[in-house]
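Trainee: Dropping the sequence and predicted coords here.
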Amino acid sequence: MSGEWWWFRMKMAWMANRSCRMSGVEWRWFSRPTPTSFGRKALFDHLKKNGSAERLNVAHEGVHSMQMAEDGDIDGKLDNPVFELRSIEPKVDDVPFNQIHERFAPAVAQMIITFALPSSPSRPYNSNIGHFKRFKGCGYGVRMELSIAQPDDWHLHLRDGELLKTVISHSAKQFGRAIIMPNLRPPVTTTAAAVAYRDSIMKALQGNTDFTPLMTLYLTDKTSPHEIKLARESGVVYGVKLYPAGATTNSQDGVTDLFGKCMPVLEEMVNQNMPLLVHGEVTDPQIDIFDRERVFIDRILKPLIQRLPKLKVVMEHVTTMEAVKFVESCEEGCVAATVTPQHLYLNRNSLFQGGLQPHNYCLPVLKRVTHRQAIVASVTSGNKRFFLGTDSAPHDRQRKECACGCAGVYNSPVALSIYAKVFEEAGALDKLEAFTSFNGPDFYGLPRNTRTITLKKTTWKVPESYAYASGSIVPMSAGESLEWLPYLSS
Ligand SMILES: NC(=O)N[C@@H](CC(=O)O)C(=O)O
C-alpha cells in the first residue's frame, strides 16, 4: 500500500428482522497485503465464489456501504483499496467477528464498523479504536456506533433557579422528554404551580423546543380530587408523585395517610387514568434503611394495588430483587418501574470504597450486589415493565460533602453511557432501545420519539464537576473513563 492510511467503512443495517440470516457468520478482516490482494470488485467476486450463502449476505451489505463511503463521507480514499478478506474457522487468538454479531445483531438499528488499514504510522492510529483487539500482525481498528430511537427520562429532578439553568442542557441534549419531579421548595402541589414550573423550564431551555418537560404534582394529604381533574385538563401534567413524608429529599410535605385522606384522590386518578409515581420506601425508623423498599411493597404497595387494581403505578427507582419480582408479577400496563444507572451499575460497596463516597449516596440507598444483579437480569431480559428513569438529582457539592449530606446522584451526563455499558456487559445491547426509548412512552400512552440518537463506542472522560454561578455539581463517575458517547442527530 502506498504510504497512506486506507479507511473503509462497512455499514451494516443489522435490523432485528435480518439478524437470523447473519447467524453463524464468522469473518475476519485482514488488512495487510497478502499473496492474494484484491480490489473492491475482485474482493466481492472472490466472496461470491468462495463464500457460503450466509457469507454472501454479509458481503452484499458490505458492497452497499463501501459505495456509500466512496460518495464521500469517509476519511481517506477508496479508489482502489487493496485488502484481503478471508473467511476463517472459529478459533484462534483474538476476538472473532462473530462476537460482534452475538452482541449486536439482533438489536441494533444500525452498526458502523470502521476498519483502518494502516500502511504508514503517520496518522494517529488509536483514535476510534473500539474494544476489539487488533489482529496479530496487522493493524486495524473497529469503530462501533449504535443508533437508537431517542430516549426519554421518566424520572428527573431539574430543580429551579441557577441549578436548573446549569443542568437542563445535559438532559435536553439527549432526551426527548422527561418526567419532572415536583419536590421543589415549596413543592409543586397544584396544577397552577406545575404550569409555572414548566414555564421556567422552557425559559431555561432558551429556545430549544425539542425537549418536552412532562410535569407532575406532589401528592399531600390535602390534595383534592378536583386538582386531579385540573391536572388532566391542563395537558401538561402526566403523573402524581407519592413521597411518604420524610422518606427522602424535600419530602417533609409528603403523604402521611395514604389509605385514609388520599383515597378520594387516588380514586379520581383511576378515573382520569393519571399514573401514581411512587417513592417506595417506608419511613418507619424501626426498619433498617436497606429493607425499607421491601417492607413498603408488603405494607403499602400490595394493599394499594389490591384496592385499586386499575390505578396505573410506576414504582420509581427500584433497588431490590423483591421490587423487580413484584413488578414482574403485576399486570403489564398497570404497574411498571423506572431503573436508574446507579442501581444497575453500583452496589452498596460504592458508598464506602476508599472512604465515604457522598456522591454515590441516594435514596433508596444502593443495595447489595445480588440485588443489582437481579435488577440487571430483569431489565436486560426485555421485560416491558421496566424503563429508563435516571433519578438524576443534582445537589450543590457543598450540600453533598458535609456533615449531613443530601441524598441524590447527579447522573444526567453519564446516564446513557452507563445504561449502554450495563446492557453490553449483560450481552443484551439488543434490548437497550426498548428500555431507553419504547417501554416508557408505551406505558404512558405517548408516541415514541422519531429522532434517533447515536452512541459511539469511544472513550470519553467524565468531567470532575460542573461549575455554576453559586458553586459546582459533581456528576456520577466523575473523572472516570466511559464509553458509548451519545450524539443526537440534528
Ligand atoms: N433520589 C434521591 O436520592 N434524591 C432525590 C429525591 C428522590 O427521588 O428520592 C432528590 O430530589 O434529591
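Mentor: On my side now, so go ahead. Numbers count the residues shown, from 1 in each chain.
Trainee: who in the stretch 51-200 of the chain is up against the ligand?
Mentor: Counting by CB under 6 Å from any ligand atom, the stretch 51-200 of the chain comes close to the ligand at 157, 183. Every C-beta, even on glycine, is put in place using the N, C-alpha and C of the backbone.
Trainee: rerun at 8 Å
Mentor: Proximity of the stretch 51-200 of the chain to the ligand, by CB under 8 Å from any ligand atom, involves residues 155, 157, 181, 183.
Trainee: So which of those residues belong to strands?
Mentor: H155 (DSSP state E).
Trainee: Can you redo the residues of the stretch 51-200 of the chain next to the ligand as CSV, where the extra columns are neighbour count and pLDDT?
Mentor: Output for these, formatted as CSV (neighbours: other CB atoms under 10 Å; pLDDT from 0 to 100):
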residue, neighbour count, pLDDT
H155, 27, 98
H157, 24, 98
M181, 28, 98
N183, 21, 98
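Trainee: what's the closest of the residues of the stretch 51-200 of the chain next to the ligand to G354?
Mentor: Comparing those against G354 with CB to CB places H157 closest, at 27.1 Å.
Trainee: Now the closest one: phi and psi?
Mentor: Main-chain torsions, H157, degrees, to the nearest 10: phi -110, psi 110.
Trainee: Would you mind measuring from the nearest residue in space to it that is not next to it in sequence to G354?
Mentor: Using CB to CB, 6 or more residues apart in numbering and skipping residues adjacent in sequence, the residue nearest H157 is A393, 4.3 Å away. A393 sits 23 Å away from G354, going by CB to CB, to the nearest Å.
Trainee: any idea which helix or strand carries R399?
Mentor: Per DSSP states H and E, R399 falls inside helix 397-400.
Trainee: swap that for E322, please
Mentor: E322 belongs to helix 321-329 when elements are defined using DSSP H and E.
Trainee: roughly how far out does that helix sit from the chain middle?
Mentor: Relative to its chain's centre, helix 321-329 lies at 20 Å (CA atoms, centre = their mean, to the nearest Å).
Trainee: The helix or strand just after that helix: how far from the chain's middle?
Mentor: Toward the C-terminus, helix 321-329 is succeeded by strand 335-339 as the next helix or strand (DSSP H and E). Chain-centre distance of strand 335-339: 14 Å, with CA atoms, centre = their mean.
Trainee: what sits up against strand 335-339?
Mentor: Contact with strand 335-339 is made by 154-155, 305, 312-318, 323-324, 327, 375, 379, 384-389, 391, 435, 439, 443, as judged by CB atoms under 8 Å, 6 or more residues apart in numbering.
Trainee: how about the closest residue to R397 other than its chain neighbours, secondary structure?
Mentor: Leaving aside its sequence neighbours, R397 sits nearest to S472 (CB to CB, 6+ apart; 4.9 Å). Here S472 is recorded as strand under DSSP: H, G, I helix; E, B strand; the rest coil.
Trainee: for V240, same thing?
Mentor: strand.
Trainee: Could you report the neighbour count for it?
Mentor: V240 has 26 neighbours, counted by other CB atoms under 10 Å.
Trainee: Who are the contact partners of it?
Mentor: 216-219, 223, 228, 231, 265, 269, 274-277.
Trainee: Could you measure from C404 over to the ligand?
Mentor: C404 sits 14 Å away from the ligand, going by CB to the nearest ligand atom, to the nearest Å.
Trainee: count of neighbours near that residue?
Mentor: 5.
Trainee: Pull out the C-alpha coordinates of stretch 460-470 and format them as CSV.
Mentor: Taking C-alpha atoms only, stretch 460-470 is exported to CSV below (Å, rounded to 0.1, in the frame of the first residue of the first chain):
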residue,chain,number,x,y,z
TRP,A,460,-14.5,9.8,27.0
LYS,A,461,-13.7,11.2,30.3
VAL,A,462,-16.4,12.3,32.7
PRO,A,463,-15.7,15.9,34.0
GLU,A,464,-14.7,16.1,37.6
SER,A,465,-17.5,18.7,38.2
TYR,A,466,-19.7,21.3,36.6
ALA,A,467,-19.4,24.8,37.8
TYR,A,468,-22.3,27.2,38.1
ALA,A,469,-22.9,30.7,39.5
SER,A,470,-23.1,29.6,43.1
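Trainee: Need the residues that contact that stretch.
Mentor: Residues outside stretch 460-470 that contact it (CB under 8 Å, 6+ apart) are 162-163, 165-167, 396-397, 413-414, 417, 472-483, 485.
Trainee: which among these end up buried?
Mentor: 163, 165-167, 396-397, 413-414, 417, 473-478, 482-483, 485 (16 or more other CB atoms under 10 Å).
Trainee: Surely E483 and V422 touch.
Mentor: No: the pair formed by E483 and V422 falls short of the contact definition of CB atoms under 8 Å, at 11.8 Å.
Trainee: ok so, going back, might you report the residue contacts of the residue nearest to R397?
Mentor: With CB under 8 Å, 6+ apart, S472 has these contacts: 396-397, 465-466.
Trainee: The same query, at a cut-off of 10 Å, please.
Mentor: Going by CB atoms under 10 Å, 6 or more residues apart in numbering, S472 touches 166, 396-398, 463-466.
Trainee: Tell me the bridge partners for it.
Mentor: A467 (DSSP bridges).
Trainee: For it, give its distance to the ligand.
Mentor: 16 Å.
Trainee: residues touching the residue nearest to H157, list them.
Mentor: 155-159, 167, 181, 183, 248-249, 317, 340, 362-363, 406-412.
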